[in-house]
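Novice: Structure for this input, please:
(one chain, ligands or ions: 1)
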Amino acid sequence: MPRLCIHAGEPGPTIDRHIFGHFSEHLGRCIYDGLWVGEDARVPNVRGWRSDLVAALRQIRVPNLRWPGGCFADDYHWREGIGPRDRRPRRINAHWGGVIEPNTVGTHEFLDLCEQVGCEPYLAGNVGSGSPAELRDWVEYCNAAGGSLAEQRAANGRRDPWKVRLWGVGNETWGCGGNMTAEYYAHEYRRFATYTRDFPNAPLYRVASGARNDDYHWTDVMMRECFKGPIGGSMMQGLSLHYYTVPGDWPPRHPATGFDHAGWKSVMALGWKMDDYVRRHRAAMDRYDPDAKTALVVDEWGSWYAVEPGTNPGFLHQQQTIRDAVLASLTLNIFINHCERVRLANLAQTVNVLQAVALTEEGAGRLVLTPTWDVFALYLAHHDAKRLPVFCDAAHARHEGIDYPGVSATASLAADGAVNVTACNTDPAAPAELAIELAGRAAKLADARLLATPVLTTCNTYDQPRAVTTRPLAGARVSGSTTTVTLPPGSVAALRFA
Ligand code: AHR
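Specialist: Next up is the predicted model:
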């Protein structure tokens, strides 16, 4: 029987709660008809933001929300989204379906959403089609206490500065954000970042647009030019990495549901590639910054499948199953395992787009939470807790030439002294019996929950909204310091030892 040994007396680095962040782009039905329903909608809302969804995001204590893109960010001009809504320009959303972007949701509305959710905003600045002056002014508009921009903000309804801390300086500047080379962008970053200014009590956390997948050259150049460059490390608090799990070809044709065991394994194997990417980008950063002052920010990750039949291909609307929940668990375990360097991350995207935590019916209809939402609920205990060393001798699986863990686990020490363990079984067919041994601490199993379903392709639907959800994990056997549990095929568990 595989053993999971947890060294409970050796707390390590803090697991930054910001790795549990989310992402909401002006894409498909994420903002409009997802989060934003408008003040006149029949569905309950507060100043236009859908209340049941806000409540669901509060429940998983979303720490930060990235906005307005994505690719949309480098086509977005913040001044078009302030002032009276009926006078805001209507633009074409060139990246996502060519639909009209009414600019109804702008800076004031989005920052109101963040206050309702209780999370930090993470604003993505426009480098691709913007200017340093435009980004400088957006920072000043949000964060300055006085001056003309602060007066304009007050005239638009907000007297006190928001003091937005998290700022992205461009997005995917190697692609939709300007098709730049690493060398060119590194110099652009230095120029743009120079004008993103700290205001009193509002120091900025600037995140540079980083590599995609295995582009270690990009990370090397950015670290060389922007961390150790003439401006010093303080201009780049984070460097991003984007990696999506895309089974099959591009554009994605693999279905979100109705997969077979090979399709399941493909997602596990490709998802696990994140570990290698993080490890090697981390090594590239270590060469310039051995003390990990600059964070690796995985501000886009998640599964990417074929869109649901009959939906706009530009809207990236996909269903979810427990396969995505296990992928989320596997990925969060990777981030936690690298939490010395990975201190901020964003799942793409909050609602109705890609690996969403919620789906809504068109026309502001019913809301359903996905199994991925349940994983974020199971991982709440890890927010800002201390990581504990974990050794697991479960066998690795192999698919498409990639080795990945059969069982992946994380343990942490909470402020109240509890030891929290999360583990997933990546096998779609066989249960995993696991002997969990707590070394260095006497502690009793206080709670155990399980996310599992007998049929892995089951979805949460508007008619059966909680077909896949958590329930108490039954059958745990305790003997001395060892607790034995059985994880059903394709499942995620969370245990608390007090
Ligand atoms: O999340 C969807 C898109 O994927 C984002 O807009 C872009 O940054 C990435 O390529």
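
Novice: where along the stretch 101-250 of the chain do the strands fall?
Specialist: 120-125, 166-169, 205-212, 238-245 (DSSP state E, counting those that start in this stretch).

Novice: Export those to TSV and append columns for distance to the ligand.
Specialist: Any C-beta I mention is one placed from the backbone N, CA and C, and that applies to glycine too. Shown next, in TSV, are the strands of the stretch 101-250 of the chain (distance: least, Cβ to the nearest ligand atom, whole Å):
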stretch	distance to the ligand
strand 120-125	9
strand 166-169	10
strand 205-212	8
strand 238-245	6
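
Novice: any chance of the ones you listed in a markdown table, plus mean pLDDT?
Specialist: Converted to a markdown table, the strands of the stretch 101-250 of the chain look like this (pLDDT from 0 to 100):
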| stretch | mean pLDDT |
| --- | --- |
| strand 120-125 | 98 |
| strand 166-169 | 98 |
| strand 205-212 | 98 |
| strand 238-245 | 98 |
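
Novice: so who does the residue lying closest to Pro44 once chain neighbours are set aside touch?
Specialist: Nearest non-adjacent residue to Pro44, counting by Cβ to Cβ, 6 or more residues apart in numbering: Ser51, 4.4 Å away. Under the criterion of Cβ atoms under 8 Å, 6 or more residues apart in numbering, the contact partners of Ser51 comprise 43-45.

Novice: hmm, try it at 10 Å
Specialist: For Ser51, the contacting residues are 37, 43-45, 116, 367, by Cβ atoms under 10 Å, 6 or more residues apart in numbering.

Novice: Any of the residues you listed buried? List them.
Specialist: By neighbour count, with 16 or more other Cβ atoms under 10 Å, those hold 37, 43, 45, 116, 367 as buried.

Novice: Helix, strand or coil: sort out the second one for me.
Specialist: It stands for Val43. Secondary structure for Val43, judged by DSSP: H, G, I helix; E, B strand; the rest coil, is coil.

Novice: oh, and call the first residue 250 from now on, that's how I've got it
Specialist: All right, first residue 250 from here; so that's Val292.

Novice: For this protein, which residues are neighbours of the ligand?
Specialist: Proximity of the chain to the ligand is assessed by Cβ under 6 Å from any ligand atom, with 274, 318-320, 420-421, 549, 597-598, 603 identified as the residues in range.

Novice: Tell me the one of these nearest Thr706?
Specialist: Ranked by distance to Thr706 (Cβ to Cβ), the residues of the chain next to the ligand are led by Leu603 at 18.5 Å.

Novice: After the biggest helix by length in the chain, which helix or strand is next? Please name it.
Specialist: With secondary structure taken from DSSP state H, the chain has its longest helix at helix 510-535. Using DSSP states H and E, the helix or strand that directly follows helix 510-535 along the chain is strand 544-552.

Novice: Give me the average confidence score over that following strand.
Specialist: Per-residue pLDDT values over strand 544-552 give a mean of 98.

Novice: Repeat that for stretch 390-401.
Specialist: For stretch 390-401, the mean pLDDT works out to 98.

Novice: follow-up on the earlier one: format the contacts of Ser300 as a markdown table; extra columns: distance to Val727 and pLDDT.
Specialist: What follows is these, written out as a markdown table (distance: Cβ to Cβ, whole Å; pLDDT from 0 to 100):
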| residue | distance to Val727 | pLDDT |
| --- | --- | --- |
| Val286 | 48 | 98 |
| Val292 | 46 | 97 |
| Pro293 | 45 | 97 |
| Asn294 | 47 | 98 |
| Gln365 | 42 | 98 |
| Leu616 | 39 | 98 |
